[in-house]
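Chemist: turn this into a structure:
(chains A, B, C and D)
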Protein chains: 2
Amino acid sequence: MGRWEPGGSDRLREAALELFLERGYEQTTAAEIAQSVGLTERTFYRHFPDKKEVLFGGSVEFRATMVDSVLGVPEGLAPLEVVARALASATEFFPDERREWSRKRWQVLSVNPGLMERELLKMADVAAGIGARLRERGVPEPAATLAAESGMTVFRVAFDVWLQPGERRSMAEIEGEMFAALGAVVGV
Amino acid sequence: MGRWEPGGSDRLREAALELFLERGYEQTTAAEIAQSVGLTERTFYRHFPDKKEVLFGGSVEFRATMVDSVLGVPEGLAPLEVVARALASATEFFPDERREWSRKRWQVLSVNPGLMERELLKMADVAAGIGARLRERGVPEPAATLAAESGMTVFRVAFDVWLQPGERRSMAEIEGEMFAALGAVVGV
DNA sequence: CGGGTGATGACAGATCCTGACATCAGGCGT
DNA sequence: ACGCCTGATGTCAGGATCTGTCATCACCCG
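Modeler: Predicted coordinates for the structure are as follows:
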């Protein structure tokens, strides 16, 4: 495949994270990342549409999994319950082995507003996709959007807990707890 | 004050929105916006930290109003109720006169992912501020964050409705409806 | 009327990102 | 084994974003 070593995208992703952790995101140029794996800046931008995106590998698959899993949920459930089951079926993206890597990535994201912007857009995109699926299932507005957005809120809060130092519980477990907490907070 | 005409920031904001509507955001350079009001690109960047920000005037005041209004809510209420009242007290930012302008602005934002990113970050920032205030009031986690985020979800959905063509109801009215809908969706 | 203050202009430069064209490695058919 | 084709990469040029630095100008104040 490649001119030299294969897996250009993955090597760029790994190198980028390491460099961002060392010098910070802004202080690392796309050219430096590329050079550190023997490629050029131009090739970097062939693998990623922009510099931020090098930190968002797998987000397409995550979105697809989340959105598609809505289809597999049995009929007749309440909208939020549908979203909860979709979320639970995407926990494959958060195995224990990945927790340390996720913490490093979050360490970079959390101190850079530009990167947080991108993260929020990805989340919003997932929520929009889920909302659309719910509407296809016959859920009317605004219930569909509210359920989808609430589900992503639960996901975000759960993810944050999952990353806490010393936290051992799985995403599935934490998510279940957060859905309960949401019920208590909104509680009619 | 200014070298020539006063109100540089406001003139830049107005000119920017008009140009964005005409040619699109990407197709309009900061230099063109500045030139259209008799200023230079360098001065544009003295008024706004980046090109996107020219579309986010007032967001600081909005955030402050939202976050501070949490203080004015009587004690003893449920967290989500606190957020609902804070939201209701910030409806001054959405008078009927502003609806047309907001539609134009949204027309630009909605077709540009980079601008949506910024909008989402501003929302998240407001939610974070409200969450912090709730924690100061003694609301524990994760209830504080969940209530704050749910409140902003309601706001976003309500705002979207408020912008719909032909919509006549006020933000306060729509927000009330959306809080009820959220209760029904999460409904225990 | 002279000095101070704040906004602006002018200029250079780093970085991000894109388009266009050349080049190279490996697969594939003959 | 040979030559072609395809895809990834390299090279170069250039526009746009954003920043640092210093000069300039308008206005206010004493």
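
Chemist: can you list the domains in chain A?
Modeler: A:8-51, A:56-186 (automatic domain parsing).

Chemist: touching DNA strand D at all, the last one?
Modeler: Same thing as domain A:56-186. No: counting by C-beta under 7 Å from any atom of the strand, DNA strand D is not contacted by domain A:56-186; separation bottoms out at 8.9 Å. No exception for glycine: its C-beta is placed from N, CA and C like everyone else's.

Chemist: which helix is the longest one in chain A?
Modeler: helix A:113-136 (DSSP state H).

Chemist: residue ranges with poor pLDDT in chain A?
Modeler: A:1-6, A:188 (pLDDT under 70).

Chemist: list, one by one, the residues from chain A near DNA strand C.
Modeler: Residues of chain A lying near DNA strand C by C-beta under 7 Å from any atom of the strand: A:1, A:3, A:28-31, A:41-42, A:45, A:49-52.

Chemist: list only those of these flagged as buried.
Modeler: Among the residues of chain A next to DNA strand C, those classed as buried by 16 or more other C-beta atoms under 10 Å in any protein chain shown are A:Thr28, A:Ala30, A:Lys51, A:Lys52.

Chemist: wait, which of the residues you listed is closest to DNA strand C?
Modeler: Taking C-beta to the nearest atom of the strand as the measure, DNA strand C sits nearest to A:Lys51 out of these, at 3.2 Å.

Chemist: one step back: most tightly packed of the domains of chain A?
Modeler: domain A:56-186 (a mean of 18; mean count of other C-beta atoms under 10 Å in any protein chain shown).

Chemist: now the terminal residues of that domain, how far apart.
Modeler: End-to-end distance for domain A:56-186, by C-alpha to C-alpha, to the nearest Å: 32 Å.

Chemist: now A:Thr28: closest residue in space that isn't a chain neighbour?
Modeler: With sequence-adjacent residues excluded and distances taken as C-beta to C-beta, 6 or more residues apart in numbering or on different chains, A:Thr28 is closest to A:Leu19, at 4.6 Å.

Chemist: element containing the one you found, please.
Modeler: helix A:8-23 (DSSP states H and E).

Chemist: same deal with A:Val82?
Modeler: Going by DSSP H and E, A:Val82 is part of helix A:79-88.

Chemist: that older thread, doesn't A:Ala34 make contact with the residue nearest to A:Thr28?
Modeler: No: applying C-beta atoms under 8 Å as the test, A:Leu19 and A:Ala34 come out as separate, 10.7 Å apart.

Chemist: dump the residue contacts of A:Val73.
Modeler: Residues in contact with A:Val73 (C-beta atoms under 8 Å, 6 or more residues apart in numbering or on different chains) are A:Val82, A:Arg85, A:Ala86.

Chemist: for the last one, what are its contacts?
Modeler: Under the criterion of C-beta under 8 Å, 6+ apart, the contact partners of A:Ala86 comprise A:Met66, A:Val67, A:Ser69, A:Val70, A:Val73, A:Ile130, A:Gly151.

Chemist: can you give me the helices in chain A?
Modeler: Using DSSP H, helices in chain A cover A:8-23, A:30-36, A:41-47, A:59-69, A:79-88, A:99-109, A:113-136, A:143-163, A:171-186.

Chemist: relative to helix B:113-136, how tilted is the longest one?
Modeler: Taking axes from the mean of the first three to the mean of the last three C-alpha atoms, to 10 degrees, helix A:113-136 and helix B:113-136 form an angle of 90 degrees between their directions.

Chemist: chain neighbours aside, what residue packs nearest to the spatially most central residue of chain A?
Modeler: Centroid check for chain A by C-alpha atoms, centre = their mean gives A:Ser59 as the closest residue, at 5.5 Å. On the basis of C-beta to C-beta, 6+ apart, the spatially nearest residue to A:Ser59 that is not a chain neighbour turns out to be A:Lys122, at 5.1 Å.

Chemist: kindly report the same for A:Glu26.
Modeler: Using C-beta to C-beta, 6+ apart, the closest residue to A:Glu26 is A:Asn112 (7.2 Å).
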